[in-house]
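J.: What follows is a predicted structure for the sequence shown.
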Amino acid sequence: MSWFILVLRKSLVFRGRARRMEYWMFSLISSLIYLAMLFADEFVGNEAFSIGFTLVILLPALAVTVRRLHDTDRSGWWSLIAVVPCVGTIAMLIFTATEGTPGQNRYGPNPKETPTFA
């Protein structure tokens with residue numbers, strides 16, 4: 001859960017790098033919460049919970065995706081490839097699953113070498 005909170009705290013930070021663990025734990029926890037919101041929507045009879053959660057999580061998700069791409073030494077603009085059906089999804093999956101650049105790259109120091117939690 002601390003990975004999820006870390007991403008929420010950095011929801012407006014589009015510079016720097018994000019580890020694979022940070023990105024994937026955020027994705028996992030977001031997906032689980034979204035599933036819970038879908039069940040709540042079904043119980044209430046409208047889609048208010050899932051739509052609200054999606055709006056709240058949109059900016060942090062974009063920020064962590066850009067930082068994850070930075071870790072693989074790619075520009076955040078590569079996130080736009082996700083709008084291409086099938087190929088874009090596969091490309092983003094590969095980009096986000098690839099190990100980050102060792103050492104410092106043009107986007108900053110390696111997040112594995114610096115403490116994540118203060």
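T.: Yes, it's here. Numbering: from 1, shown residues only.

J.: and the nearest residue to residue 8 once chain neighbours are set aside, what does it touch?
T.: Spatial nearest neighbour of residue 8, excluding adjacent residues (C-beta to C-beta, 6 or more residues apart in numbering): residue 60 at 5.4 Å. Every C-beta, even on glycine, is put in place using the N, C-alpha and C of the backbone. Residues in contact with residue 60 (C-beta atoms under 8 Å, 6 or more residues apart in numbering) are 7-8, 10-11, 26.

J.: And residue 60, how far from residue 39?
T.: Per C-beta to C-beta, to the nearest Å, residue 60 is found 22 Å from residue 39.

J.: for the chain, what are the low-confidence residue spans?
T.: For the chain, the stretches flagged by pLDDT under 70 are 115-118.

J.: thinking again about what came up before, may I ask which helix or strand encompasses the residue nearest to residue 8?
T.: For residue 60, the element it lies in under DSSP states H and E is helix 48-71.

J.: Outside of the helix or strand just after that helix itself, list whatever touches it.
T.: Remark: after helix 48-71, the chain's next helix or strand is helix 87-97, criterion DSSP H and E. Under the criterion C-beta under 8 Å, 6+ apart, residues 20, 23-24, 65, 68-69, 72, 74, 78-79, 81-82, 84 lie in contact with helix 87-97.

J.: rerun that using 10 Å as the cut-off
T.: Residues outside helix 87-97 that contact it (C-beta atoms under 10 Å, 6 or more residues apart in numbering): 18, 20, 23-24, 27, 64-65, 68-69, 71-72, 74, 78-84.
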